[in-house]
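# sequence and predicted model, in that order:
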Amino acid sequence: MPITVISNEKTVKEVITKLYGELSATQLDSIMAATLAANPHLSESATLTPGMVVIVPSQAAVATPAGAGNIVSGDAVGAICAALSDYGKKLSQKIVNRQRELNDTANILNNADFQKVVGPKLPEGFIEGVINATESEQAKFKQMSHFIESDLKTLNSDLEKLSGKLF
């Protein structure tokens with residue numbers, strides 16, 4: 001079962017419309033029901049936040065008659081866990097890349113040649129202020145990296161527990 005990561009959509013209906021285009025009322029109701037069934041933490045009126053992961057049904061799953069099978073399967077849980085892991089790795093790599101950029105910036109600003117050539121042209125305390133800001137941002141990214149890792153472990157654990165209850 002595919003997943004999507006919320007960017008700027010605020011409701012489940014907006015997610016469905018973005019993914020499936022214009023639908024008839026019957027199709028929208030069917031996909032909405034399947035989406036809500038696959039995401040017990042959501043409701044039709046839930047306000048979504050950027051970064052939230054939402055399981056969305058495939059068109060084939062929506063077309064399956066009621067009672068013909070579970071929308072969520074053990075394979076889907078494994079796929080979700082794998083997708084969450086990949087997403088976490090991508091986020092972590094972006095954080096690492098940004099931390100490198102910040103470190104490079106601090107190194108350039110601390111470079112004696114840079115300070116000799118450019119320093120006198122800058123307001124007093126400017127370089128120190130930028131260095132302090134980059135160090136602060138690096139600390140925030142380190143904390144975010146820890147939270148992402150922790151949150152993904154919790155999500156995977158919760159999905160495994162949910163899978164055990166469903167099957």
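Right, received. Where do you want to start?
# can you tell me the SS state at the residue nearest to the spatial centre of the chain?
Compute the mean C-alpha point of the chain, and by CA atoms, centre = their mean the closest residue is Gly51, 3.5 Å away. Gly51 falls in the coil class when you classify it by DSSP: H, G, I helix; E, B strand; the rest coil.
# now it: how far from Asn97?
For Gly51, the distance to Asn97 (CB to CB, to the nearest Å) stands at 18 Å. Using the backbone N, CA and C atoms, a C-beta is placed for each residue, glycine as well.
# pop the domain breakdown of this protein in here.
With domains defined by automatic domain parsing, the chain comprises 3-63, 74-166.
# can you list those in a markdown table and add mean pLDDT?
Output for those, formatted as a markdown table (pLDDT from 0 to 100):
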| stretch | mean pLDDT |
| --- | --- |
| domain 3-63 | 83 |
| domain 74-166 | 84 |
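# so which of those domains is the most surrounded?
Among these, ranked by average contacts under mean count of other CB atoms under 10 Å, first place goes to domain 3-63 (a mean of 15).
# tell me which helix or strand Val54 sits in.
Assigning secondary structure by DSSP states H and E places Val54 in strand 53-55.
# who does that strand pair up with?
Sheet partners assigned to strand 53-55 using DSSP bridges are listed as strand 3-5 (antiparallel).
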